[in-house]
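**Q** sequence? don't have it. structure:
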């Protein structure tokens, strides 16, 4: 942790990247490093909406990983674009609805958390013309989305 603080304080122009295609925020999320994620965001040096080569943002990765703690950190960022789409036109809400299984309680918690974010648009269509509701296979999730104005 001290090493990260030292690196962040070293230079405001520094880019902490492991490889050209990896973003530090995404690396922190993929490794469940919540304290580092918070430090990186607090540094102001990294864009919470910066996508990877597939157009996936830190928020999308946190949803895919069902990482509620990372989501709680990310949704507090004033500049977060909750409706940002990937290269396939999918939002974080699409991704979590697509990755759900019948037994996945964590996914419902993630969806509920996303639905608390102001200005979330539950009706964005991906490149296949489908909304998050259209991607969801679970009736409880479909009902939750409909209660928030979702349409197919």
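**A** On my side now, so go ahead. These figures come from a predicted structure and were not determined experimentally.
**Q** so how far does stretch 43-57 reach from one end to the other?
**A** In stretch 43-57, first residue to last residue: 18 Å (CA to CA, to the nearest Å).
**Q** roughly how far is it from the heart of the chain?
**A** The chain centre lies 10 Å from the centre of stretch 43-57; the measure is CA atoms, centre = their mean, to the nearest Å.
**Q** can you check stretch 134-148 too?
**A** 19 Å.
**Q** what is the mean pLDDT for it?
**A** Mean per-residue pLDDT for stretch 134-148: 90.
**Q** where do the helices sit along the chain?
**A** 2-10, 24-30, 34-43, 58-64, 68-74, 92-98, 105-114, 132-135, 139-147 (DSSP state H).
**Q** Format the ones you listed as CSV; extra columns: mean neighbour count and distance to residue 123.
**A** From N, CA and C alone the C-beta is placed, and that goes for glycine too. Below are the helices of the chain laid out as CSV (neighbours: other CB atoms under 10 Å; distance: least, CB to CB, whole Å):
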stretch, mean neighbour count, distance to residue 123
helix 2-10, 12, 39
helix 24-30, 23, 26
helix 34-43, 18, 29
helix 58-64, 26, 18
helix 68-74, 19, 21
helix 92-98, 27, 10
helix 105-114, 17, 14
helix 132-135, 23, 8
helix 139-147, 15, 9
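**Q** Mind checking these for the one nearest to residue 121?
**A** With CB to CB as the criterion, residue 121 lies closest to helix 92-98 of those, at 8.6 Å.
**Q** Which strands or helices does that closest one pack on?
**A** helix 58-64, helix 105-114, helix 132-135 (3 or more CB pairs under 8 Å, 6 or more residues apart in numbering; DSSP states H and E).
**Q** Dump the ones you listed to JSON lines, plus distance to residue 79.
**A** Formatted as JSON lines, the helices and strands packed on helix 92-98 follow (distance: least, CB to CB, whole Å):
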{"stretch": "helix 58-64", "distance to residue 79": "12"}
{"stretch": "helix 105-114", "distance to residue 79": "17"}
{"stretch": "helix 132-135", "distance to residue 79": "22"}
